[in-house]
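1. task: produce atomic coordinates for the following.
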Amino acid sequence: MMSEQSITGAGAGQATTDKRLYYFMIGVLVLALVVSGYLSYLKLFPSAEAACLAGGAFDCNTVLNSRFSEVMDIPIAYLGFVTNIIMLTGLIIEKKVPSMTAIAPLLVFFVALFAFIFSVYLVYVQAAIIGAYCPWCLTHELLVTLIFGAAAWRLKLSWATAEE
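-> As a prediction, this is how the structure comes out:
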């Protein structure tokens, strides 16, 4: 049997881990907003040249101007920016609105899951269809992967805490 002290210690450890994950996600989302904001700027001002690694498989302008850079005439960069805002808002609301404490991790997880699946698709498109890579896009896709992993871990922790 577990003593009350060991259960309390485990709960405190989970709370600390959850707090770290929360702030980790905030930090990564801020970085993702910077990257998706820059990509959105490039779509908003098409005459602007992307600051990009030159040569080899890297060609930002080819990727950013491909037919895959928009969904129903909406630039993917805008969708990424809005998705990051939604996740960041969900995290902030989670701490500010007590009734959202239980559901916000689930909502953020599902938005992050969708963003992750779409990011995997975008990496596939760059590799298999376009044949060129955008380091800015790949950076955003990496950040989305980190957000998804942290959101999944936080969701698991929230379920473990709810069972106690």
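
2. in stretch 76-94, what counts as buried?
-> Using 16 or more other C-beta atoms under 10 Å as the test for burial, stretch 76-94 gives 76-81, 83-84, 86-88, 90-91, 93-94. Every residue, glycine included, has its C-beta placed from N, CA and C.

3. what's in contact with it?
-> With C-beta atoms under 8 Å, 6 or more residues apart in numbering as the contact definition, stretch 76-94 has outside contacts at 22, 25-26, 29-30, 32-33, 36-37, 39-40, 42-43, 64, 68-71, 100-101, 104-105, 107-108, 111-112, 114-115, 122, 140, 144, 147, 151.

4. from these, which ones fall inside helices?
-> When DSSP state H defines the helices, the subset of the contacts of stretch 76-94 inside them is 22, 25-26, 29-30, 32-33, 36-37, 39-40, 42-43, 64, 104-105, 107-108, 111-112, 114-115, 122, 140, 144, 147, 151.

5. residues in contact with the nearest residue to D59 once chain neighbours are set aside?
-> Using C-beta to C-beta, 6 or more residues apart in numbering and skipping residues adjacent in sequence, the residue nearest D59 is A132, 4.0 Å away. Contacts for A132 (C-beta under 8 Å, 6+ apart) come out as 57-59, 62-63, 126.

6. and the pLDDT at A132?
-> pLDDT, A132: 94.

7. any idea how far the nearest residue to L107 once chain neighbours are set aside is from T101?
-> Closest residue to L107 apart from its sequence neighbours, by C-beta to C-beta, 6+ apart: G90 at 5.4 Å. In this view, G90 and T101 are 12 Å apart by C-beta to C-beta, to the nearest Å.

8. low-confidence stretches in this structure?
-> Filtered on pLDDT under 70, the chain yields the residue ranges 1-14, 161-164.

9. OK, contacts around the residue most central in space within it?
-> Centroid-nearest residue in the chain, with C-alpha atoms, centre = their mean: V144, separated by 3.0 Å. Shown in contact with V144 (C-beta under 8 Å, 6+ apart): 32, 80, 112, 115-116, 119.

10. and E94, what helix or strand is that in?
-> Assessed by DSSP states H and E, E94 sits inside helix 76-96.

11. what is the nearest of the contacts of V144 to S47?
-> G80 (21.3 Å; C-beta to C-beta).

12. and the buried ones among the contacts of A132, selectable in PyMOL?
-> Applying 16+ other C-beta under 10 Å to these, the buried members can be selected in PyMOL as follows:
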select buried, resi 59+62+63+126
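
13. for the contacts of A132, which one is nearest W136?
-> Taking C-beta to C-beta as the measure, V63 is the one of these closest to W136, at 8.8 Å.

14. alright, calling it a day.
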